[in-house]
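[1] sequence? don't have it. structure:
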Ligand SMILES: CC(C)(COP(=O)(O)OP(=O)(O)OC[C@H]1O[C@@H](n2cnc3c(N)ncnc32)[C@H](O)[C@@H]1OP(=O)(O)O)[C@@H](O)C(=O)NCCC(=O)NCCS
């Protein structure tokens, strides 16, 4: 077995959709649907949603989406994303490519500099061919690509896979996280209609052999954990085709995202807090040396609890940056958006943690140190 080749994050990229929906707009649409539904269904009365609840319970104020009109239309309540022909780039690939180009430009890399594409996300547009292979083709990259899904922890799992692929000969890996979460969200579900937004992120991981480029980050260690739970689940899949009961328009369908939010909160906070603390301890890193935590962006309170468990005190906003107020939960992309937008003010040699967590349950911790 050859020696371990150190790895480095050399750049990141972000694609943010042009359209966004405020809590006020989302709740107005939801409540208009409730009024209509209640008038038409005397035996199935729904409760209205509230802006105050959403912001207090989650910290989310707004979310970016690929199609606002279809979501807010109470006769539709789902994005309207027209089907494309097989000869056109698919929409999931398109947003991944926008983020990838941003990352490649930041590092001044061309297609010939990349050997592998990993598409790591919660929802792939289709079963096959792999999204990563389409992204690879559109970018003109030689080599190979594959898809992987570990829900909201996909980016952390993707980074660990990228580090592994460097050991087997790849020079550089492009890992993308296209998340069209508005398409797996049930906008008629009061408990969840406010949770998600759309976005794509990209990370380029390379062998840390030469001199470090400006704004690059040594990956000191990665750690992953999974623990089965039904508390976040989406039963959409190819076997739906075999079911006689399938009705995707049912407001209570389980073929979209469903969760027991309070149970998730209670289970995942200790799991992630312990994972990061032990990971730092095993790498002989004192929490006083931890400058920043780029955490998954699902719930503000959850992140504050996790940061408190790790640090033993409240984190400042600079120590645990928040993007969920504007982006909402963007699944695997959340921690990468935070890392992309909030890594200024860190000196060479300073240490931070990127951590994604969610359905599975799944969690990942990536310890990075500013290289240059
Ligand atoms: C989803 C989440 C924001 C809900 O917050 P919560 O404080 O747990 O809220 P609960 O579901 O316990 O509901 C509390 C009350 O608010 C009500 N409520 C729920 N949704 C509401 C809405 N949209 N508007 C107004 N009230 C609402 C509930 O009916 C309940 O009322 P009750 O006390 O009279 O029964 C929160 O649990 C969460 O973010 N959990 C973590 C989820 C997560 O990270 N998932 C990962 C996904 S990848």
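    Nice, thanks for sending it over. None of the values given here were measured: they were computed from a predicted structure.
[2] tell me how far the most far-flung residue of the chain relative to its centre lies from residue 351.
    What lies farthest from the middle of the chain is residue 42; by Cα atoms, centre = their mean that is 39.2 Å. Noted for residue 42: a distance of 60 Å to residue 351, by Cβ to Cβ, to the nearest Å. Every residue, glycine included, has its C-beta placed from N, CA and C.
[3] same check on residue 244?
    Taking Cβ to Cβ, one finds residue 244 at 55 Å from residue 351.
[4] pLDDT weak spots in this structure?
    When residues are selected by pLDDT under 70, those of the chain lie in 1-2, 248-249, 251.
[5] how about the residues of it near the ligand?
    Counting by Cβ under 6 Å from any ligand atom, the residues of the chain close to the ligand are 49-50, 53-54, 57-58, 152, 190-191, 232, 259, 261-262, 264-265, 298-299, 302, 329, 358-359.
[6] narrow the residues you listed to those in helices?
    53-54, 57-58, 261-262, 264-265, 302 (DSSP state H).
[7] by neighbour count, which of these wins?
    Within these, most neighbours by other Cβ atoms under 10 Å means residue 302, with 23 neighbours.
[8] quick check: that one touching residue 270?
    No. Applying Cβ atoms under 8 Å, one finds residue 302 not in contact with residue 270, separated by 11.0 Å.
[9] show me the contacts for the closest residue to the ligand within the chain.
    Proximity of the chain to the ligand (Cβ to the nearest ligand atom) peaks at residue 261, 2.7 Å away. Contacts here follow Cβ atoms under 8 Å, 6 or more residues apart in numbering; on that basis residue 261 touches 191-192.
[10] how close does it sit to residue 208?
    39 Å.
[11] same check on residue 226?
    As judged by Cβ to Cβ, residue 226 and residue 208 stand 27 Å apart.
[12] when the two are compared, which one has more neighbours?
    Neighbours were counted for residue 226 and for residue 208 using other Cβ under 10 Å; residue 208 has more, 19 against 16.
[13] doesn't residue 4 make contact with that one?
    No. Assessed by Cβ under 8 Å, residue 208 is found out of contact with residue 4, at 10.8 Å.
[14] so for residue 244 and residue 351, which residue has more residues nearby?
    Using other Cβ under 10 Å as the criterion, residue 244 and residue 351 rank with residue 351 on top: 20 against 4.
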